[in-house]
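In: 3D, please:
(4 chains)
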4 protein chains.
Amino acid sequence: MDVGIIGMGKMGRGMAASLARAGHTVRAWNRSPEGAQGIPGVTPVATAAEAFAGDAAITMLADDAALEAVVVEGGLLDGGGRPSVHLGMSTVSVALAERLTAIHGRAGIPYVSAPVFGRPDVAEAGKLNIVAAGPAEAIDGAAPVLDAMGAKTWRYGEDAKRANAVKLAGNFMIVAAIEAMGEACALSESHGVPGAEFLDLVMNTIFAAPIYKNYGGAIAASRYDPPGFGLSLGAKDVRLALQAAEGAGVPMPVASVLRDNLIEAIAHGDGAKDLAALAEVSRRRSRRG
Amino acid sequence: MDVGIIGMGKMGRGMAASLARAGHTVRAWNRSPEGAQGIPGVTPVATAAEAFAGDAAITMLADDAALEAVVVEGGLLDGGGRPSVHLGMSTVSVALAERLTAIHGRAGIPYVSAPVFGRPDVAEAGKLNIVAAGPAEAIDGAAPVLDAMGAKTWRYGEDAKRANAVKLAGNFMIVAAIEAMGEACALSESHGVPGAEFLDLVMNTIFAAPIYKNYGGAIAASRYDPPGFGLSLGAKDVRLALQAAEGAGVPMPVASVLRDNLIEAIAHGDGAKDLAALAEVSRRRSRRG
Amino acid sequence: MDVGIIGMGKMGRGMAASLARAGHTVRAWNRSPEGAQGIPGVTPVATAAEAFAGDAAITMLADDAALEAVVVEGGLLDGGGRPSVHLGMSTVSVALAERLTAIHGRAGIPYVSAPVFGRPDVAEAGKLNIVAAGPAEAIDGAAPVLDAMGAKTWRYGEDAKRANAVKLAGNFMIVAAIEAMGEACALSESHGVPGAEFLDLVMNTIFAAPIYKNYGGAIAASRYDPPGFGLSLGAKDVRLALQAAEGAGVPMPVASVLRDNLIEAIAHGDGAKDLAALAEVSRRRSRRG
Amino acid sequence: MDVGIIGMGKMGRGMAASLARAGHTVRAWNRSPEGAQGIPGVTPVATAAEAFAGDAAITMLADDAALEAVVVEGGLLDGGGRPSVHLGMSTVSVALAERLTAIHGRAGIPYVSAPVFGRPDVAEAGKLNIVAAGPAEAIDGAAPVLDAMGAKTWRYGEDAKRANAVKLAGNFMIVAAIEAMGEACALSESHGVPGAEFLDLVMNTIFAAPIYKNYGGAIAASRYDPPGFGLSLGAKDVRLALQAAEGAGVPMPVASVLRDNLIEAIAHGDGAKDLAALAEVSRRRSRRG
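Out: Residues are numbered from 1 along each chain as shown, chains lettered A, B, ... in the order given. You can find the predicted model right below:
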């Protein structure tokens, strides 16, 4: 298939590589042009509009602001490109998903929200878990594209924003797991058990899941640089989850604790570290004066 | 080996069966005598004192009060029985572990805290994860007994209470995981995604760990009866974790949220249900008037 | 002095009446024209631009959106009116105050943030507490206007947004006081002491302050209609406080609890009731199933 | 009347002085004898039993443990002294009040819970607010004694523990007010407004109540030594409030935040400072790294 991809950060590059490897024709655009270069089988293009065409156009940008800048303010939908489907794979707000659904509807271009679980190495391997919602026909049509990037596409119906709600709920659970490890380590350590020894047990038994091994390993080693997933990004996702919940009348008290603690972590200079550094908040609070 | 076991609830019975199956001689006592009966190779005895003897004596009782009643108020240490080691396998407070360490020290009987992770079926299968701390020699000596009950014995040094801190920290993480699932489901459901469909994704991908599958399955099905692990017991464990943390100068804000929500769950009549019913608190709070 | 006032809700009407009573010439505009009518000495005008002129122009609108709609989108600063000072008296975000400061600076019109503490009857009596920040000369020049509306003008320097931060911090404290009363009443009631009898004590002794008497009286009587200050407005102010704090690196855990509980109150149908209805959340959570 | 008083800390001494000044005959006992000396008209006695006699016996001790040590373990009720009423004025748990009610019932001595609001200088001035519950006749009979110590006796029926619940609910509200001031100051300060200037406004207007002036003044000046009311004592009272609430099925989320933050304050060395030092937790969390 003929695929365009807009946004070639670490995730976008991994996805583009998977697409090319699977035999798709891939055009790629990035704000800073070098981001789109150097991937075998991927053709850099000069404008986002050139990528917004073909059998599927993918956007994989940093946040709401970046996606709005390109799609809405950039006038992408008025540019003449008419991809068979726009796969919005960024982690963005439910509100933006609703807005994009509306304006794509007016433009007559199917919009599918398709955020993903998985880090850049998983994207590179084509093993992402893709959360998709939008017009069924459009998702069906994009199956070869989605299959090239993901281990599985999890479908949540026709209403695009549902995929964003699922993605945010999942990311909330990740941050909650890190906070729980942080508090549990502080408790263990206060009784003489190093956090690493405590985590070794739970990560390998009752909590033997990727998320715990990944972040738990970082906490055990107090290894937060370079970041795999930045703490500030995690804070952004918790904020988006809280906003989505508030709009729908759902209180999330643990998410509120996460928000408070992430603010504290950022205030103490850890915003650019790995999200696992959230665990240091519990340690610092427990320290004796 | 010659082993006595005091406390034949579901867990104790499973452990006794594993011990007998491994070829140990097992004497068992339970407050209500029928609890100790009917397990091949396990001999019921009439008093706790008769079980408190041999190569190892195990206590597996419901809570601090039950353990204190038998060991301290019941005068078990003055009864003439002198087991080579007392393996305290109940989930009890750090404070009680310290107290038991002291009084066993005076009585000259080695005390080892050895609480476990695993439900009754895991105990029955001899596949528990055992968290042990206490005199190294005593733990070494009890290895055949521990190996009969557990998949692995995780050792945390000579100070018995450390094992209790680790157990409570682990149980806190379990309750935190349930609460996170509850809040995440409420968020998903408020956007039209059934909790079961959301959980299907996370339980089988980034959170593919026993705890999530077990409790997530119950939440997905709103199936809280009969309880696998009772909500009131979970509330007790969170309380013990908070007490242990407070005593050591450790704030645990997520544990505090769990405590509040468990109180609400009990106030609404769910104390005897499975701990997974904690997730209903989030659903109820989000319901429209 | 010649004063224009934009926004004639309950607060604006009370302020306009105080201004007229003090001998000022008052022009008033309201989106729905009848809002500006019927106050002796106050002249309704047909457009916001007509009110944005003279010795001082006052805006007293419901929220950020309403203020932006009139001032920014409505092009008020481009309309030819050049009041000596714009007194922004609405309770709005710190971010909007910064934005208004910037665009007023470009337009060459002094902008003063001057939100108030006090309900409509206090505005009517000219006894508000006014929180002012902005160019000192502009505040000095507006003194006769401020004095007509307020018991006292509290000044916080030249940076307008500081007044908004103070106002939001104060409103946060009000909501926190209500929540504390709600939890305290739930505790009292659970031991057989009616909330009204508990509040009678604290409101008349250690907490003998207007806020406690006002909201405590409503809680004691479970009297939430008609609202003096609506619960949804309180939720808005807590949200603005949290946003201002987040932007400045300040975690506010009690504010987070308030946010969660206000969401729950609104989800249960109490958004249009008096803010005191927040206390019902504690009662409902404690009720037996 | 003939009054005995057990426990001559700062509060007890002030109360004894008020009693003597009102013309009552006062016998006083304190664990360290010098505590009972040097008050005109107050006769030190050598044993608690000697003070536990007459028309009224008052206990005013530090906490549950101290009260239990003297009354229960000390065998005060078996000592032959038969005061017409025992006024338990310490701030203790609801559970202990229930226990004391039961054992006094068996001993045939009326027990009245009568904790107080007010600091030592208020006790000295005889202007306490006394919260009383217990047998009506016993409270009536003790009126001259209560009136000598208090500005008013607030009565909450025949069930003694109700007075304790009210006292704990009130103390919870005090700590909540301090935390709210702390968070509000952190918000103000992050926008350039010194906490003292913010507090000056709210303490003198909408929150013009003794509690705010007292603790707000300390926060404004960062003046936490010597303590008027120690932070560790406040932590104890919040713990007792949470226990009373938990026992009665009442979640108190703000109290949980207070508990966490008080633990952090103590962990950072502020346990012996004034309770107002709780506000420093918010400042510290907001500090930049």
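In: helix or strand for the closest residue to chain C within the stretch 51-200 of chain A, which one?
Out: Proximity of the stretch 51-200 of chain A to chain C (C-beta to the nearest C-beta) peaks at residue A:179, 13.2 Å away. (Glycine included, C-beta is placed from N, CA and C.) Using DSSP states H and E, residue A:179 falls within helix A:161-190.
In: is chain B contacted by that helix?
Out: Yes. Contact of helix A:161-190 with chain B (C-beta under 8 Å from any C-beta of the partner chain) involves A:161-162, A:165-166, A:168-170, A:172-174, A:176-177, A:179-181, A:183-188, A:190.
In: does chain B sit close to the next helix or strand after that helix?
Out: Next along the chain after helix A:161-190, taking DSSP H and E as the criterion, comes helix A:195-204. Yes. Against chain B, helix A:195-204 shows contacts by C-beta under 8 Å from any C-beta at A:197, A:198, A:200, A:201, A:202.
In: the helix holding residue A:179 vs chain D: in contact?
Out: No. Using C-beta under 8 Å from any C-beta, helix A:161-190 stays clear of chain D, with a minimum separation of 9.3 Å.
In: distance from that helix to the middle of the chain?
Out: In terms of C-alpha atoms, centre = their mean, to the nearest Å, the centre of helix A:161-190 is set 15 Å apart from its chain centre.
In: next, the angle helix B:195-204 makes with it.
Out: Relative orientation of helix A:161-190 versus helix B:195-204 (axes from the mean of the first three to the mean of the last three C-alpha atoms, to 10 degrees): 50 degrees.
In: does the residue of the stretch 51-200 of chain A closest to chain C touch residue A:262 like I think?
Out: No. Counting by C-beta atoms under 8 Å, residue A:179 sits too far from residue A:262 to count as a contact (9.0 Å).
In: shared neighbours, these two?
Out: Common neighbours of residue A:179 and residue A:262 are listed as residue A:278 (criterion: C-beta atoms under 8 Å, 6 or more residues apart in numbering or on different chains).
In: coming back round to it: and the residues of helix A:195-204 next to chain B as JSON lines, adding pLDDT?
Out: Formatted as JSON lines, the residues of helix A:195-204 next to chain B follow (pLDDT from 0 to 100):
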{"residue": "A:197", "pLDDT": "98"}
{"residue": "A:198", "pLDDT": "98"}
{"residue": "A:200", "pLDDT": "97"}
{"residue": "A:201", "pLDDT": "98"}
{"residue": "A:202", "pLDDT": "97"}
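In: adding distance to chain D and neighbour count, write those out as TSV.
Out: Putting the residues of helix A:195-204 next to chain B into TSV (distance: C-beta to the nearest C-beta, whole Å; neighbours: other C-beta atoms under 10 Å in any protein chain shown) gives the following:
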residue	distance to chain D	neighbour count
A:197	22	19
A:198	19	29
A:200	26	15
A:201	25	22
A:202	23	26
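In: distance of the residue lying closest to residue A:190 once chain neighbours are set aside from residue A:114?
Out: Leaving aside its sequence neighbours, residue A:190 sits nearest to residue B:248 (C-beta to C-beta, 6 or more residues apart in numbering or on different chains; 3.4 Å). Using C-beta to C-beta, to the nearest Å, residue B:248 is found at 46 Å from residue A:114.
In: higher neighbour count, those two?
Out: Between residue B:248 and residue A:114, counted using other C-beta atoms under 10 Å in any protein chain shown, residue A:114 has the larger neighbour count: 34 against 19.
In: from residue C:260, how far out is residue A:166?
Out: Taking C-beta to C-beta, one finds residue A:166 at 22 Å from residue C:260.
In: residue A:155 now?
Out: 32 Å.
In: ok, back up a step: show me the contacts for the residue of the stretch 51-200 of chain A closest to chain C.
Out: With contact taken as C-beta under 8 Å, 6+ apart, residue A:179 is in contact with A:254, A:257, A:258, A:261, A:278, A:279, A:282, B:176, B:254.
In: re earlier: for the residue nearest to residue A:190, what are phi and psi?
Out: Per-residue torsions, residue B:248: phi -110, psi 10 (degrees, to the nearest 10).
In: you'd agree it is up against residue A:192?
Out: No. Counting by C-beta under 8 Å, residue B:248 stays clear of residue A:192, with 9.6 Å between them.
In: give me the pLDDT for the closest residue to residue A:215 other than its chain neighbours.
Out: Closest residue in space to residue A:215, ignoring its immediate chain neighbours: residue A:276 at 4.5 Å, by C-beta to C-beta, 6+ apart. For residue A:276, the model assigns a pLDDT of 98.
In: and the residue of the stretch 51-200 of chain A found nearest chain D, how many neighbours does it have?
Out: In the stretch 51-200 of chain A, the residue that lies nearest chain D is residue A:190 (9.3 Å; C-beta to the nearest C-beta). Using other C-beta under 10 Å, residue A:190 has 20 neighbouring residues.
In: try residue A:144
Out: Neighbours of residue A:144 (other C-beta under 10 Å): 15.
In: now do residue A:143
Out: For residue A:143, using other C-beta under 10 Å, the count is 12.
In: that one is in contact with residue A:153, isn't it?
Out: Yes. Applying C-beta under 8 Å, one finds residue A:143 in contact with residue A:153, separated by 7.4 Å.
In: all strands of the stretch 51-200 of chain A, in order?
Out: Along the stretch 51-200 of chain A, counting by DSSP state E, counting those that start in this stretch, strands occupy A:56-59, A:86-88, A:111-113, A:116-117, A:128-132, A:150-155.
In: same list (these) but as CSV, adding mean pLDDT, distance to chain C and mean neighbour count.
Out: Output for the strands of the stretch 51-200 of chain A, formatted as CSV (pLDDT from 0 to 100; distance: least, C-beta to the nearest C-beta, whole Å; neighbours: other C-beta atoms under 10 Å in any protein chain shown):
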stretch, mean pLDDT, distance to chain C, mean neighbour count
strand A:56-59, 98, 27, 27
strand A:86-88, 98, 26, 29
strand A:111-113, 98, 24, 27
strand A:116-117, 98, 26, 24
strand A:128-132, 98, 25, 26
strand A:150-155, 98, 28, 19
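In: nearest to residue D:40, of those?
Out: Closest approach to residue D:40 among the strands of the stretch 51-200 of chain A (C-beta to C-beta): strand A:116-117, 77.1 Å.
In: okay, now the sheet partners of the closest one, with direction.
Out: Looking at strand A:116-117 with DSSP bridges, its partner strands are strand A:128-132 (antiparallel).
In: OK, contacts around the spatially most central residue of chain A?
Out: Chain A has residue A:91 as the residue nearest its centroid, 4.5 Å off, counting by C-alpha atoms, centre = their mean. Going by C-beta under 8 Å, 6+ apart, residue A:91 touches A:63, A:115, A:164, A:167, A:168, A:171, A:237, A:240.
In: tell me the least confident of the residues you listed?
Out: Least confident entry in the contacts of residue A:91, by pLDDT: residue A:63, with 95.
In: what's near enough to touch it?
Out: Contacts of residue A:63 by C-beta under 8 Å, 6+ apart are A:90, A:91, A:92, A:236.
In: let's go with 10 Å and repeat that
Out: Contacts for residue A:63 were tallied using C-beta atoms under 10 Å, 6 or more residues apart in numbering or on different chains; they are A:69, A:90, A:91, A:92, A:93, A:96, A:233, A:236, A:237, A:240.
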